[in-house]
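Peer 1: Provided below for reference: sequence and predicted model.
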Amino acid sequence: MTQGALSRMECGRGVPTLPLLERLAAALSSNLLISMSPHGGVPVVFKALPR
């Protein structure tokens, strides 16, 4: 992932793919939690794995 792509994603101008989110979760040693609501929005959370 390039620095520019990461910057766009952080600023909300890019939409990450599911495979990218999975790679980021692995790099952060985190679980990837995604929830969908019929009222809009798709919150994505990285939660640290228990040690």
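Peer 2: Yes, it's here.
Peer 1: report pLDDT for the residue nearest the centre of the chain.
Peer 2: The centroid of the chain falls nearest to Leu21 when counting by Cα atoms, centre = their mean (4.2 Å). Leu21 is assigned 87 on the pLDDT scale.
Peer 1: ok, now Pro16?
Peer 2: Predicted confidence (pLDDT) for Pro16: 85.
Peer 1: got it, and Arg51?
Peer 2: pLDDT, read off for Arg51, is 69.
Peer 1: hmm, back to that, tell me which residues in the strand or helix carrying the residue nearest to the centre of the chain are buried?
Peer 2: In this assignment (DSSP states H and E), Leu21 forms part of helix 18-27. Neighbour counts over helix 18-27 (16 or more other Cβ atoms under 10 Å) mark 24-25 as buried. Backbone N, C-alpha and C define where each C-beta goes, glycine included.
Peer 1: for the protein, just list every one of the helices.
Peer 2: Assigned by DSSP state H, the chain shows helices spanning 3-10, 18-27.
Peer 1: what does the first one contact?
Peer 2: So the one you mean is helix 3-10. Contact partners of helix 3-10, identified using Cβ atoms under 8 Å, 6 or more residues apart in numbering, comprise 14-16.
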